[in-house]
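In: only geometry, no sequence info:
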């Protein structure tokens, strides 16, 4: 099965990440299908597009948009799958909805297209009573840079400033990161 322009992807694990193991007991921490925070964003590439010539390979793990595996309720309140669902647990995903890829045996993620990931910086300033802001606004550490950023001198670990409202929160390898486009980065601070 091949698509001319889209990837064929299956979920890596279940469709939702809504359980947590606490003291050897599995707890369900969310029962709502509507919260995007608990939707699985990892998939396995089953098939590449016919006209694709990039770094992603069959069997790679990819980080996807949160709506790919999400279950919705239609106008009559019936649960339904996302528009990307095809059949038999596979989804047809456009390249623009894939953000990172990693070989099954690999350790590091590779940015896809114009996406990059930035780690927020903890706010170390103390307020008079208490600090309301837990993170520095619009400043972070570049964790996964795309080829364009690398070609103009950016590298992993660079402190950068980014545009307001460009941060889109992900949890990658148990770390909070913001996905953004390379055009959202406005300054290199170091």
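Out: Yes, it's here. What you see is a predicted model, and the numbers here were worked out from it, not measured in a lab.

In: before we move on, what SS does the closest residue to residue 89 other than its chain neighbours have?
Out: Spatially, and ignoring its direct neighbours in sequence, residue 89 is nearest to residue 10 (5.4 Å; CB to CB, 6 or more residues apart in numbering). For every residue, glycine as well, the C-beta is placed using N, CA and C. Taken by DSSP: H, G, I helix; E, B strand; the rest coil, the conformation at residue 10 corresponds to strand.

In: report the contact partners of residue 10.
Out: For residue 10, the contact set (CB atoms under 8 Å, 6 or more residues apart in numbering) comprises 43, 44, 46, 89, 90, 91.

In: hang on, isn't the fourth one packed against residue 11?
Out: What that stands for is residue 89. Yes: taking contacts as CB atoms under 8 Å, residue 89 lies within contact range of residue 11: 7.1 Å.

In: neighbour count winner among those two?
Out: Ranked by neighbour count (other CB atoms under 10 Å), residue 89 and residue 11 place residue 11 first, with 19 against 12.

In: ok, longest strand in the chain?
Out: Identified as the longest strand of the chain according to DSSP state E is strand 135-144.

In: for the spatially most central residue of the chain, pull up the helix or strand it's in.
Out: Centre of the chain computed as the mean C-alpha position; nearest residue by CA atoms, centre = their mean is residue 63, 4.6 Å away. Assigned by DSSP states H and E, residue 63 belongs to strand 61-64.

In: can you tell me which residues contact residue 157?
Out: 141, 142.

In: one more time with 6 Å
Out: Applying CB atoms under 6 Å, 6 or more residues apart in numbering to residue 157 gives no contacts.

In: now do it against residue 4, distance only.
Out: Noted for residue 157: a distance of 39 Å to residue 4, by CB to CB, to the nearest Å.

In: swap in residue 144?
Out: 28 Å.

In: who's more crowded, those two?
Out: Regarding residue 144 and residue 4, a neighbour count based on other CB under 10 Å identifies residue 144 as having more, with 22 against 8.

In: so the more buried one touches residue 117, yeah?
Out: Yes: under the criterion of CB atoms under 6 Å, residue 144 makes contact with residue 117 at 4.2 Å.

In: ok, back up a step: sheet-wise, list the partners of the very next helix or strand once past the strand holding residue 63 with their directions.
Out: Proceeding N to C from strand 61-64, the next assigned helix or strand is strand 71-73, under DSSP H and E. Sheet pairing for strand 71-73, assigned by DSSP bridges, gives strand 79-81 (antiparallel).

In: so which elements touch the following helix or strand past the strand it pairs with?
Out: Reading on from strand 79-81 to the C-terminus, the next helix or strand found by DSSP H and E is strand 85-87. For strand 85-87, there is no helix or strand it packs on, judged by 3 or more CB pairs under 6 Å, 6 or more residues apart in numbering; DSSP states H and E.
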